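K.L.:
give me a model of this one.
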Amino acid sequence: MAGSRVVVVGDVIDDIIVVPGGPVRPDTDTTSTIVRRPGGSASNTAAWLGWLGAPVDLVGRVGAGDLDRHAGALRASGVTPHLSEDPDRVTGTIVIVVDGEHRTMLTDRGANATLSPAAVTDALLDEAACLHLTGYTLFDALEAESFAQLVRRAHERGVMVSLDPGSAGFLVDYGVEQFLADTRGVDILLPNRAEAQLLVGDAMAADESTPTPEECAEALLEHAPTVVLTSGGDGVIVARRGHELQRVAVEPVDAVEPTGAGDAFSAGLLHGLLAGDDVVAATVTGVRTAREAVALSGGRPPLV
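P.N.:
Numbering: from 1, shown residues only. Alright, predicted model coming up:
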């Protein structure tokens with residue numbers, strides 16, 4: 001790795017997390033617990049990195065009047081924020097309805113859609129060891145060429161690029177083949193099982209069976225030299241070109257709710273890599289960090 005910092009680029013969100021007290025009743029009230037938290041996949045990952053002690057920058061965009069609030073929340077987790085304000089759009093908002101281990105997310109991307117690639121300055125990349133991106137940014141903020149140019153700028157400086165695909169639903173909207181074409185060149189791909197099955201589905205649909213996580217990880221090595229595929233309680237699969245697949249186990253945990261678990265996992269993995277661990281040992285750190293996340297409400301770490 002070239003530098004010493006992680007530069008995370010992407011969404012800043014206001015999460016509204018709804019945990020119904022029972023089955024949701026149409027056309028009438030359902031008693032629920034509702035909390036409001038700062039969130040966003042990229043911002044959550046940055047916050048967990050800061051909580052772990054990694055030097056981390058977050059590049060993002062918020063609605064007018066929200067810069068100080070979100071910048072303050074990021075600083076409280078140890079993140080150096082690089083935020084800009086959109087004068088015409090509100091800060092992105094997600095209503096997350098939690099049902100056990102499952103979540104339904106209603107999303108307004110808001111100001112995230114106008115994030116400029118120019119916000120990721122050469123000065124930031126010059127200090128970076130890793131550039132972490134999410135699919136959310138490609139879905140609406142960065143055009144394909146801007147995304148590819150950002151990856152090239154990072155590689156020219158010896159900076160590793162990691163990518164979390166972000167959302168199975170948005171992958172369908174964007175187009176799987178288009179997504180694979182537009183993100184070629186990343187060094188580490190971090191899909192969950194649903195995202196991975198979507199990404200390899202067409203290529204492995206000949207027998208009309210759902211590809212296993214192992215098959216998905218192997219197939220995605222054509223796209224990136226390292227694939228770390230999370231599969232919930234079934235563990236994590238680490239695939240590297242020229243190596244045998246390895247599985248990292250996940251111990252059962254009493255989860256409060258799953259918001260931010262994948263973001264915390266990415267943060268733990270990147271923190272391990274930054275510390276010089278190999279990808280398997282770094283994955284163990286990712287699993288440990290995700291365990292911390294599911295024991296909390298919301299996607300961010302506790303404030304120290």
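
K.L.:
any chance you could map the strands in the stretch 51-200 of the chain?
P.N.:
56-63, 79-86, 92-99, 102-108, 128-134, 160-164, 188-189 (DSSP state E, counting those that start in this stretch).

K.L.:
tilt between the fourth one and strand 92-99?
P.N.:
Compare the direction of strand 102-108 with that of strand 92-99 by axes from the mean of the first three to the mean of the last three Cα atoms, to 10 degrees and you get 160 degrees.

K.L.:
run through who's touching strand 102-108.
P.N.:
V90, G92, T93, I94, V95, I96, V97, E257, P258, T259 (Cβ atoms under 8 Å, 6 or more residues apart in numbering). For glycine as for every other residue, the C-beta is placed from the backbone atoms N, C-alpha and C.

K.L.:
same check on stretch 264-284?
P.N.:
Contacts of stretch 264-284 (Cβ under 8 Å, 6+ apart): 1, 4, 6, 44-49, 51-54, 129-130, 132, 160, 162, 164, 188, 190, 226, 228, 230, 236, 238, 240, 246, 248, 285-290, 292-293, 299, 301.

K.L.:
any weak-confidence spans in the stretch 151-300 of the chain?
P.N.:
Applying pLDDT under 70 to the stretch 151-300 of the chain picks out residues 202-208, 255-258.

K.L.:
show me where it has its helices.
P.N.:
168-174, 176-182, 193-201, 213-220, 261-274, 279-294 (DSSP state H, counting those that start in this stretch).

K.L.:
need the contacts of strand 102-108 in JSON lines (columns: neighbour count).
P.N.:
Shown next, in JSON lines, are these (neighbours: other Cβ atoms under 10 Å):
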{"residue": "V90", "neighbour count": "15"}
{"residue": "G92", "neighbour count": "28"}
{"residue": "T93", "neighbour count": "17"}
{"residue": "I94", "neighbour count": "22"}
{"residue": "V95", "neighbour count": "15"}
{"residue": "I96", "neighbour count": "24"}
{"residue": "V97", "neighbour count": "16"}
{"residue": "E257", "neighbour count": "23"}
{"residue": "P258", "neighbour count": "18"}
{"residue": "T259", "neighbour count": "25"}
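
K.L.:
tell me which two of the residues you listed sit farthest apart.
P.N.:
Put simply, by Cβ to Cβ the two of those set farthest apart are V90 and P258, 25.8 Å from each other.

K.L.:
wait, A54 sits on V8?
P.N.:
No. Using Cβ atoms under 8 Å, A54 makes no contact with V8, being 10.2 Å away.

K.L.:
between the two, who's got more neighbours?
P.N.:
V8 (32 against 24; other Cβ atoms under 10 Å).

K.L.:
which ones are touching that one?
P.N.:
A42, S43, T45, A46, L49, V56, D57, L58, V59, H132.

K.L.:
what about 6 Å?
P.N.:
A42, T45, A46, L58, H132 (Cβ atoms under 6 Å, 6 or more residues apart in numbering).

K.L.:
kindly report the same for Y174.
P.N.:
F139.
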